[in-house]
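# missing the sequence, but the structure's below:
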């Protein structure tokens, strides 16, 4: 398919230079017009990707090996020459019951907390946590290393980069 995974695989395979890559997707407007740029909106990156909002996180993951795999994925977004422009490293504020401690004991992963309502409101000023009766037993944890990407923009970048480098990519 032409979603974020298929487009990324096609991009990386096409960089080898000895492969002709064909992406199959049910969409007919998968590829940009000739001479298109990454600003074009005529690329439809598949149903799942178009409906996604991709968090880049590793908090509250178990087992530890799964959390570490997510951390490696986040590191890739920082280091990958083509991909590092897409993430927004905004951090993540997580609300849990007071008895749960989300800080990872066996990791170098940064977690700030537990935080109270005032701290949470400073991080998310548009949300009034104090007036929500369900939140009286909550505390907050902030993960400053987390962020998100817009999957559609990543797909557009992969497809347009393939066209710019004259690699073969077709849909049908």
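Yep, that arrived. For clarity, every value in this text was computed on a predicted model and none was experimentally measured.
# just give the closest residue to residue 58, not the sequence neighbours.
residue 70 (3.7 Å; Cβ to Cβ, 6 or more residues apart in numbering). (C-beta placed from N, C-alpha, C; glycine too.)
# with residue 94 instead?
Spatial nearest neighbour of residue 94, excluding adjacent residues (Cβ to Cβ, 6+ apart): residue 141 at 4.9 Å.
# shaky segments in the protein?
27-48, 50, 99-108, 133-136, 160-172 (pLDDT under 70).
# my guess is the residue nearest to residue 94 contacts residue 111. True?
Yes: the pair residue 141 / residue 111 is scored as a contact, 5.5 Å apart, by Cβ atoms under 8 Å.
# isn't there a helix covering residue 73?
Yes: counting by DSSP: H, G, I helix; E, B strand; the rest coil, residue 73 is part of a helix.
# and the residue nearest to residue 58, what does it touch?
Neighbouring residues of residue 70 by Cβ atoms under 8 Å, 6 or more residues apart in numbering: 57-58, 61.
# who wins on neighbours among those?
Sorting the contacts of residue 70 by how many neighbours each has (other Cβ atoms under 10 Å) puts residue 58 first, at 23 neighbours.
# quick one, phi/psi of that one?
phi -140, psi 10 (degrees, to the nearest 10).
# wait, it touches residue 67, no?
Yes: assessed by Cβ under 8 Å, residue 58 is found in contact with residue 67 at 5.0 Å.
# which residues do these two both contact?
residue 109.
# assumed residue 141 was part of a helix.
No: checked against three-state DSSP, residue 141 lies outside a helix; its state is strand.
# going forward, the N-terminal residue is numbered 383.
Done: numbering now begins at 383, and the last item shifts to residue 523.
# strands of this structure, start to end?
Along the chain, counting by DSSP state E, strands occupy 403-404, 436-438, 474-479, 494-497, 520-525, 529-531, 551-552.
# kindly reformat those as CSV containing mean neighbour count.
Formatted as CSV, the strands of the chain follow (neighbours: other Cβ atoms under 10 Å):
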stretch, mean neighbour count
strand 403-404, 14
strand 436-438, 18
strand 474-479, 16
strand 494-497, 17
strand 520-525, 20
strand 529-531, 18
strand 551-552, 16
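# and residue 447, how far from residue 385?
Residue 447 sits 26 Å away from residue 385, going by Cβ to Cβ, to the nearest Å.
# er, residue 530 I mean
From residue 530 to residue 385 the distance is 16 Å (Cβ to Cβ).
# just residue 478 next, same as before
Distance from residue 478 to residue 385, by Cβ to Cβ: 32 Å.
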